[in-house]
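Undergrad: Okay, predicted coordinates and the sequence, questions at the end:
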Amino acid sequence: MYKNKSILITGGAGYIGSHLAKQLLCTTDYNITILDNLSTGSRDTLDRLLLFREFSFIEMDLNDFEKLGELLRQNSFDCIIHFAGSIVVPESVKDPLKYYMNNTVNTINLVKCAVESKVKKFIFSSTAAVYGETDQLPEVGVSESFPLNPINPYGMSKLMSERVLEDTAAAYNDFRYVIFRYFNVAGADINYTNGSLEPRIGHRFPNATHLIKIASECAAGKREKMSIFGKDFNTPDGTGVRDYIHVDDLADAHLKAISYLDDNPSDIFNAGYGRGYSVREVIGAMKACSDSDFPVETAPRREGDTPAIIADNRKIKSKMGWIPKFDDISLICQSAYQWEKTND
Ligand code: UD1
């Protein structure tokens, strides 16, 4: 008899987790449990997800080891998808222990509980920050075998968790993982109502630091102006180049990973489009799609910023059969802007 798969999503009230939850809730194949401490995730996002279909929500911090162990013993989850974590690079430099506790210690404990409760699949959100300083130019993508050399505690905290997963899977035959190294995730739910783009969920993040989020706040009139951090990088127009991936495409990769693990070994995949846009190009795309002309200043380089990093995404495409649908910087900006304009 066919049984629905039970999925635990940590950080499911947050940005990327909620976009995956939306996709899972759009099918009837999965029973979903979202675990979130609501530190950056929001109740409003959960309410919006309920419009798709029912799911369980547990408000819990992953540092509550006892409760977490109990939760996993009481439910037989087929798969854990672990998004919960801290993600702001400058904060990780100021408060490294927060990052090692939240991103590494809590992940180790979650993996331990997963193994003890016989959970067979684990999907983990890692980051391109594990590659650290790259002298790569935009046209040369970084592959998964590129040297790992995180230059900040955030990247290191994720890399340490990657290693924990690798060693654990090597020791326990029944435990498999997929690790995704995210490049620059942006945009909001691609949903059209009567022909117009109306995202139902999007990026909520207080004191945003991400380029597209900040540019969309300017376009929506929530922020007066923005800065370009550095104009003298060794890139075609002198500003930083990144590989921006739409959040719905990234969520789709996670969806694929669930069944991929049925008959494939554990593996690590870059998640990006394999092409780069400069800060100037992104701001240009945001201004064009919003028809606004907010002021942009030049500021010194931000500490720790690499000139350019783009993904070599051949592995995720060939092994997992992932086909991006929204590889379009103007659609990414437009969805971010529409979300920003219509939400507080
Ligand atoms: C981001 C995340 C990091 C994540 C990585 C890969 C932060 C600070 N960084 O890195 O956690 O691992 O993606 O997924 O959360 N820029 C401006 N003006 C701004 C904001 C940004 O010029 O107001 C520039 C930056 O200097 C950089 C580019 O825009 O060149 C992208 O910056 P950002 O969106 O913060 O992402 P990353 O630093 O690349």
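TA: Received, thanks.

Undergrad: Please count neighbours and contacts with C-alpha atoms only from this point.
TA: OK.

Undergrad: Any figure for the gap between the closest residue in space to residue 53 that isn't next to it in sequence and residue 283?
TA: Once flanking residues are discounted, residue 53 sits nearest to residue 25: 5.8 Å by Cα to Cα, 6 or more residues apart in numbering. Plainly put, residue 25 is 33 Å away from residue 283 if you go by Cα to Cα, to the nearest Å.

Undergrad: higher neighbour count, these two?
TA: Taking other Cα atoms under 10 Å, residue 25 and residue 283 do not tie; residue 283 has more neighbours (23 against 20).

Undergrad: Make sure that one is indeed in a helix.
TA: Yes. Assignment of residue 283 by DSSP: H, G, I helix; E, B strand; the rest coil places it within a helix.

Undergrad: can I assume it is in contact with residue 215?
TA: Yes. The pair residue 283 and residue 215 passes the contact test of Cα atoms under 8 Å, sitting 6.5 Å apart.

Undergrad: So which bits of the stretch 1-150 of the chain are right by the ligand?
TA: Taking Cα under 6 Å from any ligand atom as the criterion, the stretch 1-150 of the chain approaches the ligand at residues 87-89, 127-129.

Undergrad: Tell me how many other residues surround residue 44.
TA: Residue 44: 11 surrounding residues under other Cα under 10 Å.

Undergrad: give me the element it is part of.
TA: helix 43-50 (DSSP states H and E).

Undergrad: Which elements pack onto the next helix or strand along the chain from that helix?
TA: For helix 43-50, the following helix or strand on the C-terminal side (DSSP H and E) is strand 56-59. Applying 3 or more Cα pairs under 8 Å, 6 or more residues apart in numbering; DSSP states H and E, one finds that strand 56-59 contacts strand 30-36.

Undergrad: Only the C-alpha atoms, please, for the strand it packs on, written as PDB.
TA: Extracted C-alpha coordinates of strand 30-36, given in PDB (Å, rounded to 0.1, in the frame of the first residue of the first chain):
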ATOM      1  CA  TYR A  30       3.800  14.300   1.500                       C
ATOM      2  CA  ASN A  31       2.800  14.800   5.200                       C
ATOM      3  CA  ILE A  32       4.600  18.000   6.200                       C
ATOM      4  CA  THR A  33       5.900  19.000   9.600                       C
ATOM      5  CA  ILE A  34       7.500  22.400   9.900                       C
ATOM      6  CA  LEU A  35       9.800  23.100  12.900                       C
ATOM      7  CA  ASP A  36      10.800  26.700  13.400                       C
END
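
Undergrad: Can you list the strands that it pairs with?
TA: Paired with strand 30-36 in the same sheet, following DSSP bridges, are strand 5-10 (parallel), strand 56-59 (parallel).

Undergrad: Can you name the secondary structure element that comes next after the longest one?
TA: What it means is strand 5-10. Immediately after strand 5-10, counting by DSSP H and E, sits helix 15-25.

Undergrad: List of residues touching that next one?
TA: With Cα atoms under 8 Å, 6 or more residues apart in numbering as the test, helix 15-25 has contacts from 9-12, 30, 32, 41, 45-46, 49, 52-54, 83, 189, 201-204, 247-248, 250-252, 254-255.

Undergrad: same thing but 6 Å
TA: Residues outside helix 15-25 that contact it (Cα atoms under 6 Å, 6 or more residues apart in numbering) are 11-12, 53, 203, 251.

Undergrad: What residues sit buried inside it?
TA: 15-25 (16 or more other Cα atoms under 10 Å).

Undergrad: what angle do it and helix 43-50 make?
TA: 20 degrees (axes from the mean of the first three to the mean of the last three Cα atoms, to 10 degrees).

Undergrad: Residue 167 - how many residues pack around it?
TA: Using other Cα under 10 Å, the number of residues around residue 167 comes to 11.

Undergrad: Return the set of buried residues in the helix or strand hosting residue 70.
TA: Using DSSP H and E, residue 70 sits in helix 65-74. Within helix 65-74, the residues that qualify as buried by neighbour count (16+ other Cα under 10 Å) are 68-69, 72-73.
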